[in-house]
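K.L.:
got a sequence here, can you build the structure:
(chains A, B, C and D)
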There are 2 protein chains.
Amino acid sequence: MRASLDRIDFKMLRLLQDNGRLTNAELAQSVVVSPATCHRRTQRLFDEGYISHVRAVVTPQKVDRGALVMVGVVLDRSTPESFAEFEKAVAKLKFILDCHLVAGDFDYFLKIRVGDMADFNRIHGDQLIALPGVRQTRTFFVMKEVVDNAPLDF
Amino acid sequence: MRASLDRIDFKMLRLLQDNGRLTNAELAQSVVVSPATCHRRTQRLFDEGYISHVRAVVTPQKVDRGALVMVGVVLDRSTPESFAEFEKAVAKLKFILDCHLVAGDFDYFLKIRVGDMADFNRIHGDQLIALPGVRQTRTFFVMKEVVDNAPLDF
DNA sequence: GATGAAATCCGAGTCAC
DNA sequence: GTGACTCGGATTTCATC
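P.N.:
Take a look at the predicted model:
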């Protein structure tokens, strides 16, 4: 089997990233191969992990998750155990969309979606500062989402 | 037409968010309605904007975009014109996945994906500090992606 | 090892109720 | 909201290169 992607595979990836509902027949037409070949290639993109999954993107504002907040977190101690404990606890909080260990003034950056500022303040007091090992947090309310989760450019 | 979503609609939204490739027939079974009803409800979720689009999620590491960087940006001036100009320029840079206007120590937060640190350093020098009105940037390299773009919990 | 044509099967989309 | 129907796409097989 071919080791990497050719021009057609990349085009398929981009098309599917833009529209995950494309039918195999449409995709085949767009990249000018037969439906059978297109189907096999698409399978491969999934099987080999180029596409991890397909997601219907839900509009946050429509399901009462219109408020976005970025939070910088500093832990008490910078030990592997401390990090592990924090990360384990974060995974359970479903309102946390991103959690990244970073180099710089913070240990972690969180991206959080909630209904509104009141929600966030309650959650912050109840759940964020209660996370294991948290020394301090810095909250950045998002006032305008200029670009959110743009497609990958490759 | 019903003004909001019932329990079945919410379940469909969650299922489609988890797997955008679900067939209408499968979805209908999962929520225990007929395929015809399920089809109409799904249509509505799209037509009324509950689902904005469907995306195949491409694995960044597989397409040489394995490096993630968060960048805080401070502008020279806090005028609407300055903001508008900055935002317009940001929209053209495809390696910027998120750009949010925030309240706090920064004006904007960016989330950026590139191939590696060398890529980022070149881009930072060439394109980020060259963005209109940028006074300073603070870079946070992501050392570990604990959670990235988790599904929305609603 | 990959391709396209053809054949089968099954779901999407529509209509009447 | 359901059931039935038609059409077209998904998926497999197979011959070919």
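K.L.:
only C-alpha atoms for contact and neighbour calcs from this point on.
P.N.:
Fine.
K.L.:
tell me which residues touch A:Leu110, please.
P.N.:
By C-alpha atoms under 8 Å, 6 or more residues apart in numbering or on different chains, the residues touching A:Leu110 are A:Met70, A:Val71, A:Gly72, A:Val73, A:Ile96, A:Leu97, A:Asp98, A:Cys99, A:His100.
K.L.:
biggest strand in chain A by residues?
P.N.:
Counting by DSSP state E, the longest strand found in chain A is strand A:134-147.
K.L.:
quick one: furthest residue from the center of chain A?
P.N.:
For chain A, the residue at maximal distance from the C-alpha centroid (C-alpha atoms, centre = their mean) is A:Ser34, at 33.2 Å.
K.L.:
wouldn't that residue be in contact with A:Glu26 here?
P.N.:
No - assessed by C-alpha atoms under 8 Å, A:Ser34 is found out of contact with A:Glu26, at 10.4 Å.
K.L.:
now do the helices in chain A.
P.N.:
Ranges of helices in chain A, per DSSP state H, are A:7-18, A:24-31, A:35-47, A:80-90, A:117-123.
K.L.:
for the shortest one, what is the distance to the chain centroid?
P.N.:
Read that as helix A:117-123. The chain centroid and the centroid of helix A:117-123 are separated by 22 Å under C-alpha atoms, centre = their mean, to the nearest Å.
K.L.:
near DNA strand C, which residues of chain A are found?
P.N.:
Within chain A, the positions adjacent to DNA strand C are A:Met1, A:Arg2, A:Val32, A:Val33, A:Ser34, A:Pro35, A:Ala36, A:Thr37, A:Cys38, A:Arg40, A:Arg41 by C-alpha under 7 Å from any atom of the strand.
K.L.:
among these, name the buried ones.
P.N.:
A:Pro35, A:Cys38, A:Arg41 (16 or more other C-alpha atoms under 10 Å in any protein chain shown).
K.L.:
those: which ones sit near DNA strand D?
P.N.:
Subset of those in contact with DNA strand D: A:Pro35, counting by C-alpha under 7 Å from any atom of the strand.
K.L.:
next, count neighbours for the closest residue to A:Arg138 other than its chain neighbours.
P.N.:
Excluding the flanking residues, the one nearest A:Arg138 by C-alpha to C-alpha, 6 or more residues apart in numbering or on different chains is A:Gly72, at 5.0 Å. The local packing of A:Gly72 (other C-alpha atoms under 10 Å in any protein chain shown) involves 19 other residues.
K.L.:
A:Phe109 is in contact with A:Gly72, correct?
P.N.:
Yes - contact criterion C-alpha under 8 Å: A:Gly72 and A:Phe109 qualify, at 4.7 Å.
K.L.:
tell me which of the helices of chain A sits most buried.
P.N.:
helix A:7-18 (a mean of 18; mean count of other C-alpha atoms under 10 Å in any protein chain shown).
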